[in-house]
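K.L.:
sharing a sequence plus its predicted fold:
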Amino acid sequence: MQLAVPEAETAAKGWIGLLGAEPAGEDRIEGLGARRWRLRIGTGFVELLVPDGAGPVADAVARRGAHLYAAGASTP
């Protein structure tokens, strides 16, 4: 699940406090113009996308604020 958020620290604290999420890395997704913070929850991840310049994530956050950006699922 990817969440578009204006800043990651507050959002990450919520996931860590509520569900015991663990930080699992940070990188940049060039095509989205965003920094990605990964949080592990059990066997899955929540990804926080924070605008890092112009791009689709910045546009989405400007229009809607923090929100679900994308979701996916897989099976073994």
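P.N.:
Cool, the structure landed.
K.L.:
so what's residue 51 up against?
P.N.:
4, 6, 33, 34, 57, 58, 61 (Cβ atoms under 8 Å, 6 or more residues apart in numbering). (C-beta placed from N, C-alpha, C; glycine too.)
K.L.:
now do the fourth one against residue 72, distance only.
P.N.:
Distance check for residue 34 against residue 72: by Cβ to Cβ, to the nearest Å, it reads 17 Å.
K.L.:
who's more crowded, the two?
P.N.:
Shown here are residue 34 and residue 72; by other Cβ atoms under 10 Å, residue 34 has more neighbours (27 against 6).
K.L.:
in this structure the more buried one contacts residue 55, no?
P.N.:
Yes - with contact defined as Cβ atoms under 8 Å, residue 34 counts as touching residue 55 (6.5 Å).
K.L.:
so who does the residue nearest the centre of the chain touch?
P.N.:
By Cα atoms, centre = their mean, the chain has its centre lying nearest to residue 48, at 1.2 Å. Applying Cβ under 8 Å, 6+ apart to residue 48 gives the contacts 2, 3, 5, 8, 11, 12, 36, 37, 39.
K.L.:
swap in 6 Å and give it another go.
P.N.:
If a contact means Cβ atoms under 6 Å, 6 or more residues apart in numbering, then residue 48 has 3, 5, 8, 11, 37 as its contacts.
K.L.:
how about stretch 33-46: buried residues?
P.N.:
33, 34, 35, 36, 37, 38, 39, 41, 46 (16 or more other Cβ atoms under 10 Å).
K.L.:
isn't residue 46 up against residue 8?
P.N.:
No - under the criterion of Cβ atoms under 6 Å, residue 46 makes no contact with residue 8, lying 10.9 Å away.
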